[in-house]
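Participant: Provided below are the primary sequence and the corresponding predicted coordinates.
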Amino acid sequence: MKYPNLVTSLAIIGDSFDQWSKIKTHCDQSTEDNSGLGIGILSRTIETNLGVFKVKYLLLFVDQKFIYNIKPTFQFTMKQLIEEGFDNVLTRIGRKTIIRAQRKVKTKIQQ
């Protein structure tokens, strides 16, 4: 069975813009401006009991000095990412995204 690519968004609130360089190295593509904002795209292949899925993540890095009103699917502080591990967080978010997508597909089929 062919599974679709899935996309989710993730905001990271950093203590300083210097922390963006740690995140940027994980991204397939990235861009930044010197004001304290960084955007990156990365992808991971996640295996579940439902199959193998390719999940793309749209990352937004925001320096905490900004007043922000963003509504991504997921939001973490840099401290949380360091404590949990970046790859662990991406895997957890990816699994949640897969489960949500599967539920949505099942709901559409039942209608």
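Facilitator: Cool, the structure landed. Numbering: from 1, shown residues only.
Participant: only C-alpha atoms for contact and neighbour calcs from this point on.
Facilitator: Fine.
Participant: chain center to the biggest helix by length in the chain: distance?
Facilitator: Using DSSP state H, we find that the single longest helix of the chain is helix 86-110. Helix 86-110 has its average C-alpha position 12 Å from the chain's average C-alpha position, going by Cα atoms, centre = their mean, to the nearest Å.
Participant: I would like the residues contacting that helix, please.
Facilitator: Here helix 86-110 makes contact (Cα atoms under 8 Å, 6 or more residues apart in numbering) with 6-8, 46, 48, 53, 55, 74, 81.
Participant: got the buried residues for that helix?
Facilitator: 89-91, 93-95, 97-98 (16 or more other Cα atoms under 10 Å).
Participant: swap in stretch 61-79?
Facilitator: Across stretch 61-79, burial judged by 16+ other Cα under 10 Å covers 61-64, 75, 78.
Participant: Could you provide the residues you listed in a markdown table, with additional columns for pLDDT and secondary structure?
Facilitator: Listed next are these as a markdown table, based on pLDDT from 0 to 100; DSSP: H, G, I helix; E, B strand; the rest coil:
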| residue | pLDDT | secondary structure |
| --- | --- | --- |
| F61 | 93 | strand |
| V62 | 92 | strand |
| D63 | 88 | strand |
| Q64 | 85 | coil |
| Q75 | 92 | strand |
| M78 | 93 | helix |
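Participant: ok, which stretches of this protein are helices?
Facilitator: 20-24, 78-84, 86-110.
Participant: could you redo the ones you listed as JSON lines and give each row distance to Y68?
Facilitator: Formatted as JSON lines, the helices of the chain follow (distance: least, Cα to Cα, whole Å):
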{"stretch": "helix 20-24", "distance to Y68": "17"}
{"stretch": "helix 78-84", "distance to Y68": "16"}
{"stretch": "helix 86-110", "distance to Y68": "22"}
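Participant: lowest-confidence stretch among the ones you listed?
Facilitator: Lowest mean pLDDT of those: helix 86-110, a mean of 83.
Participant: quick one, what contacts the nearest residue to V52 once chain neighbours are set aside?
Facilitator: In this structure, V52 finds its nearest non-sequential neighbour in I46, 5.7 Å apart by Cα to Cα, 6 or more residues apart in numbering. Going by Cα under 8 Å, 6+ apart, I46 touches 52-55, 91, 94-95.
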